[in-house]
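**Q** what shape does this take:
(chains A and B)
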Amino acid sequence: MRKIEENIFKVLMILSTIIISSTLFMIVYTLFARGIGSLTWDMVSKIPEGGFYIGKGGGILNAIVGSIYITIGSTLLGLLISLPIVIYINVYAKRNATLASITRLSYDILFGIPSIVYGAFGFAIMVYMGLKTSLLAGIITVTLMIIPILVRAIDEVVRVVPEDMSNAVFSLGGTRYESAKIILRQSIPGIVTAILLSFGRAIGDAACVLFTAGFTDSIPTSLDQPAATLPLSIFFQLSSPIQEVQNRAYAAAVILTIIVLIINIVAKIASKNLSKNKI
Amino acid sequence: MIIQPHISIQDLNVHIGENHILKNINLDIPDKKVTSLIGPSGCGKTTLLKTMNRLLDRQNDVRVDGKVLVDGENIYDPKAEVTHIRKKMGLLSQRPFPLPMNIYDNIAYGQRIHGNHNKKELDEIVEKYLRGVNLWDEVKDRLKSPATRLSIGQQQRLCLARGLAIEPEIILGDEPTSALDPISTQAIEELFMQLKDKYTIVLVTHILRQARRVSDYIGFVYMGEIIEFGPTEEVLLNPKEKLTKDYVKGFLV
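**A** This is a model prediction of the structure:
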């Protein structure tokens, strides 16, 4: 009887694994099947020419560059803000449990807020500060969206660093700042995962950049110029009634997927090299 | 009986939250001797050890009253500088925690955070203290490999060397052999015997045989109080107090 029960659940587990894995495979397959024909060198090396959205020549270099600028900019800015927050609640405010739990709760809430709300909020700030749609506004808004992801993900790994690790630093006469550096070093693989998560969210999000970064056919050369992004580029092309333009949308999706893949692989290798001294 | 106390604990009371963990502790730790603190689990001996280098400060809701004098200086004086106090003591915890860096950097770490970046001096210090814990011959060819690749016994000796490399006067051991196999335990015990000429050693231990082998003095802690303190043989073989007698009974047979 117990054997039968186990087998039933085993079948269920295998089935759901197959369904989920094949969904992933189908997504990738659909993208490639529809996009590969339009994925030419022009796509990744040229900006849109006149009439690009009705089937004329050009590419989406503007969106690739814009997306990379915004994603890297906001990930760096987000890390710069998130790391001190995590260090503060885990090392400095350790004895103030209320502060730490209020901080964690608020980031949990912010984590669940849809990105369109961040987009609207970013837009409001932009109007208030008198900014136009620009790369800077896009970076700020996306940063706001990914900070909760970074804080929560890094906090999870920093919290599990054993107390004795920081005690070892303290008993050598180290300061809290020195123990924080050791804790971060110990948490590198988790921090890399956090960066990957936020990078994925940042590069794939359309709602945040819709009102703030704007869209343009040229490559931004300074922070106050508008910037195109891949998700919006996909959206505009996919809304076209012309089959050829729609196919280009899938090609753009392939490019987006490949960028995410490359970042993932590079980050995994970097994390492995950086964390070889970890316990 | 004790001529020269190195650490002198006076009227120490420790509360953690509502609990009165240590009660009216008065204890003189003799200079350049091994002193063991024995007692049942949860009696407060680890807490007592942690008051000596103020690691206890790190916990929530801790209140410490009384004085702990190290070389005549009260370490709980509000003006006392905690990093300076801790630099005087090397701590060996129950399980070794090598820092996430290579073997060389682990030993050099303490010197570096205290401002010594002289490559030549660091090389000498690393070799000296790795030799001091009999680890040099085992690791001299792989100083740049992660400290975590070492066996747990080697890691504990590494942690001891790391503590010694900041040139402390006192070594605090919190059951430093409880995670080790018998051979590594023996290695650590022998090190303590060698080191007691130069350092004052305070050891928390569960193992009465170990306390007898390595220590000159024993303090018996029970329910947050020092029940008895005296030379090792006296406390273990001729305990004056009934509580001590009951605790060391197993040892006598």
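
**Q** what about the strands in the chain?
**A** All of this refers to chain A. Counting by DSSP state E, chain A has no strands to list.

**Q** was after chain B, sorry
**A** Going by DSSP E, chain B shows strands at B:5-16, B:19-30, B:34-38, B:62-70, B:73-74, B:89-92, B:170-174, B:200-204, B:217-222, B:225-231.

**Q** mind checking these for the one nearest to chain A?
**A** strand B:89-92 (3.6 Å; C-beta to the nearest C-beta). Placement of C-beta: from N, CA and C, glycine included.

**Q** and for the closest one, what are the contacting residues?
**A** For strand B:89-92, contacts defined as C-beta atoms under 8 Å, 6 or more residues apart in numbering or on different chains pick out A:167-168, A:171-172, B:52-53, B:55, B:156, B:159-160, B:162-164, B:166, B:168-174, B:176.

**Q** contact residues of the stretch 151-279 of chain A facing chain B?
**A** A:162-175, A:178, A:182, A:185-186, A:275-279 (C-beta under 8 Å from any C-beta of the partner chain).

**Q** ok, residue B:48 - contacts?
**A** B:9, B:12, B:22, B:25, B:27, B:37, B:204, B:221.

**Q** need the contact list for the last one.
**A** The neighbours of residue B:221, taking C-beta under 8 Å, 6+ apart as the test, are B:37-39, B:43-45, B:48, B:227.

**Q** which phi and psi does the nearest residue to it once chain neighbours are set aside have?
**A** Spatial nearest neighbour of residue B:221, chain neighbours left out: residue B:39 (3.8 Å); criterion: C-beta to C-beta, 6 or more residues apart in numbering or on different chains. The phi/psi pair for residue B:39 (degrees, to the nearest 10) reads phi 150, psi 160.

**Q** burial measure for residue B:39, as a count.
**A** By the measure other C-beta atoms under 10 Å in any protein chain shown, the count of residues near residue B:39 is 25.

**Q** which parts of the stretch 101-250 of chain B sit against chain A?
**A** With C-beta under 8 Å from any C-beta as the criterion, the stretch 101-250 of chain B meets chain A at residues B:101-102, B:109-110, B:113-114, B:146-148, B:159, B:162-163, B:166, B:172.

**Q** from the residues you listed, list just the buried residues.
**A** B:101-102, B:109-110, B:113, B:146-148, B:159, B:162-163, B:166, B:172 (16 or more other C-beta atoms under 10 Å in any protein chain shown).

**Q** export the residues you listed to CSV and tack on distance to residue A:97 and pLDDT?
**A** Output for those, formatted as CSV (distance: C-beta to C-beta, whole Å; pLDDT from 0 to 100):
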residue, distance to residue A:97, pLDDT
B:101, 31, 92
B:102, 36, 92
B:109, 30, 95
B:110, 30, 93
B:113, 28, 93
B:146, 34, 91
B:147, 32, 91
B:148, 31, 89
B:159, 30, 93
B:162, 31, 94
B:163, 30, 92
B:166, 32, 91
B:172, 28, 93
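
**Q** which of those residues fall in helices?
**A** Among these, the residues falling in helices (DSSP state H) are B:109-110, B:113, B:159, B:162-163.

**Q** now for the residues you listed: which two are most distant?
**A** Among those, the pair separated by the greatest distance (C-beta to C-beta) is B:113 and B:159, at 15.8 Å.

**Q** got JSON lines for the strands of chain B, with distance to residue B:186 too?
**A** Formatted as JSON lines, the strands of chain B follow (distance: least, C-beta to C-beta, whole Å):
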{"stretch": "strand B:5-16", "distance to residue B:186": "26"}
{"stretch": "strand B:19-30", "distance to residue B:186": "25"}
{"stretch": "strand B:34-38", "distance to residue B:186": "16"}
{"stretch": "strand B:62-70", "distance to residue B:186": "30"}
{"stretch": "strand B:73-74", "distance to residue B:186": "36"}
{"stretch": "strand B:89-92", "distance to residue B:186": "15"}
{"stretch": "strand B:170-174", "distance to residue B:186": "15"}
{"stretch": "strand B:200-204", "distance to residue B:186": "15"}
{"stretch": "strand B:217-222", "distance to residue B:186": "20"}
{"stretch": "strand B:225-231", "distance to residue B:186": "23"}
